[in-house]
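Student: here are the coordinates; sequence isn't available:
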Ligand SMILES: O=P(O)(O)OC[C@H]1O[C@H](OP(=O)(O)OP(=O)(O)O)[C@H](O)[C@@H]1O
Ligand SMILES: NC(=O)CC[C@H](N)C(=O)O
Ligand SMILES: [Mg+2]
């Protein structure tokens, strides 16, 4: 779950892309990048770090052009080195840059095919570099004067070759922006426009609608699963369904944790979906423990707040903020290593003792993944004097790896893998633990848009919507990407083989 953005405007886009990336920062904290285009020339800045650290004034001044794309990265393939930050670039055909959110599940095979059959070179372990090269190769099959139809034909063939989750925005030198979403629409993408009197319409594509809001663009709609859109430099927009069997199955974990609550995804208000999760969970508590004896409901900031408030309301129990979050520390779950994640929970959250003292507290989180957060938080609640500490998760138990763009490659690292709810409660030190039911979680999404008949719920049920995931694949990514493997291989490489910028890159 990275964040992607692309803009075709009437004036310089560098500041707008910067602003959009800061709004999408919650989707990736590891690296950020931007590429703009002017008079057929590309300008690039990308590096490890948060948006505010990556782009300094001197970089912004060099990012010329009225069209550009941007990326915030949370790595799911390769390493977290600068060399694999995005956008990626290829010089042929035309000059193409690409920003990708998701994860290709057949990138190894594709990389080999690209080398042996398509005669293209991949220089990193990033699946996004693979996706860009597949697109470039397919685009290269067309005539010199590229038309929208040629681009859509190329995307059609990209869909036939690529497997997994991908929402991507490509910038083609001298032509415009192309954005597309995989046939299941696992990863999100929306587009919108900004009308200016007497000027041509400006367009923006982004992972989440909140980025459009903040920049004054009006949300047009989601890019449909399998669909591609092409915006030329004159501000004309072309759209086409490019998948043979598009079936909407967006990732439900976006609703649970990844997305901002003020985003609308596939027509579903994330805020409302999370509110419904709180209501459903309250109903389950009433069914299973009518005499629950809970004195106070306390959310674990930030993401669980929306559902915790509704849960408390429907339970008729006081809601209180008992943990204060240090606003200068980012999201814990998307940090690359377990050591960092563990350390930052304590740095990030601090308890207000008097909200816990001698009370039966129900702590609410949106999800329990590795258990890093809840284990420490429960201990903090006890240290603050709580009588009993109950724990509720607005999502069902996370028991299976994710292969579509969330870095959860290792089943063994998931606290609920091969454990019953009672065993998890014991492991995290809770007096009682309650999880949302999967059917209820799905209902929370469907209620927002009845046209979405199903979601990718693989982390909860082990069913992978693309149908190509077997145990061999899971074993391989587990071996490559579990925490200790990453710690061993994730040497920060700062030698970037990339496009040449006029002035030194940093
Ligand atoms: O079981 P774990 O492995 O700890 O993962 C789950 C926790 O991580 C996330 O919080 P995070 O701190 O990333 O972000 P937030 O502030 O948006 O809640 C999520 O909201 C849970 O609190
Ligand atoms: N989380 C993502 O979307 C990651 C995109 C891509 N797979 C990468 O690792 O850079
Ligand atoms: Mg959290």
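Tutor: The structure has been received and is ready for your questions. Small disclaimer: the values here were computed from a predicted structure and weren't measured. Residues are numbered from 1 along each chain as shown. Ligands and ions are numbered 1, 2, ... in the order given.

Student: residue contacts, residue 149?
Tutor: Applying Cβ atoms under 8 Å, 6 or more residues apart in numbering, we find residue 149 in contact with residue 240. Where C-beta positions appear, they are placed from N, C-alpha and C, glycine not excepted.

Student: tell me the secondary structure for residue 154?
Tutor: Recorded secondary structure, residue 154: helix (DSSP: H, G, I helix; E, B strand; the rest coil).

Student: correct me if wrong: residue 360 contacts residue 390.
Tutor: Yes. Contact criterion Cβ atoms under 8 Å: residue 360 and residue 390 qualify, at 6.9 Å.

Student: tally of neighbours for the closest residue to ligand 2 within the stretch 151-300 of the chain?
Tutor: As assessed by Cβ to the nearest ligand atom, ligand 2 sits closest to residue 187 within the stretch 151-300 of the chain, at 6.8 Å. When neighbours are defined as other Cβ atoms under 10 Å, residue 187 has 29 of them.

Student: residue of the stretch 401-506 of the chain closest to ligand 2, please.
Tutor: For the stretch 401-506 of the chain and ligand 2, the shortest gap (Cβ to the nearest ligand atom) falls at residue 405, measuring 4.0 Å.

Student: so who does the residue of the chain positioned farthest from its centre touch?
Tutor: Taking Cα atoms, centre = their mean as the measure, the residue most remote from the mean C-alpha position of the chain is residue 358, 39.4 Å away. Residue 358 sits next to 385, 386, 387 when contact means Cβ under 8 Å, 6+ apart.

Student: can you tell me how far the second one is from ligand 2?
Tutor: To ligand 2, residue 386 is 36 Å away according to Cβ to the nearest ligand atom, to the nearest Å.

Student: please, which helix or strand holds the closest residue in space to residue 189 that isn't next to it in sequence?
Tutor: Nearest residue to residue 189, sequence neighbours excluded (Cβ to Cβ, 6 or more residues apart in numbering): residue 167, at 4.1 Å. Counting by DSSP states H and E, the element that carries residue 167 is strand 164-172.

Student: can you give the strand pairings for that strand, parallel or anti for each?
Tutor: Partners of strand 164-172 in the sheet, by DSSP bridges, are strand 96-104 (antiparallel), strand 176-181 (antiparallel).

Student: a markdown table for the ones you listed, including distance to residue 151 and mean neighbour count?
Tutor: Shown next, in a markdown table, are the strands paired with strand 164-172 (distance: least, Cβ to Cβ, whole Å; neighbours: other Cβ atoms under 10 Å):
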| stretch | distance to residue 151 | mean neighbour count |
| --- | --- | --- |
| strand 96-104 | 11 | 29 |
| strand 176-181 | 6 | 28 |
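
Student: can you put these in TSV and add distance to residue 136 and mean pLDDT?
Tutor: TSV is the format used below for the strands paired with strand 164-172 (distance: least, Cβ to Cβ, whole Å; pLDDT from 0 to 100):
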stretch	distance to residue 136	mean pLDDT
strand 96-104	5	98
strand 176-181	11	98
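
Student: ligand 1 is nearest to which of those?
Tutor: Ranked by Cβ to the nearest ligand atom, the member of those that lies closest to ligand 1 is strand 96-104, at 17.3 Å.

Student: tell me the angle whichever helix or strand comes after the closest one makes with strand 96-104.
Tutor: Next in sequence after strand 96-104, counting helices and strands by DSSP H and E, comes helix 107-116. Calculated by axes from the mean of the first three to the mean of the last three Cα atoms, to 10 degrees, helix 107-116 forms an angle of 140 degrees with strand 96-104.

Student: okay, buried residues for helix 107-116 please.
Tutor: Using 16 or more other Cβ atoms under 10 Å as the test for burial, helix 107-116 gives 107, 108, 110, 111, 113, 114.

Student: I'd like the next helix or strand past it.
Tutor: Using DSSP H and E, the next helix or strand after helix 107-116 towards the C-terminus is helix 127-139.

Student: what about stretch 387-403, start to end distance?
Tutor: One end of stretch 387-403 to the other measures 40 Å (Cα to Cα, to the nearest Å).

Student: mean confidence for it?
Tutor: Mean pLDDT, computed over stretch 387-403, is 98.
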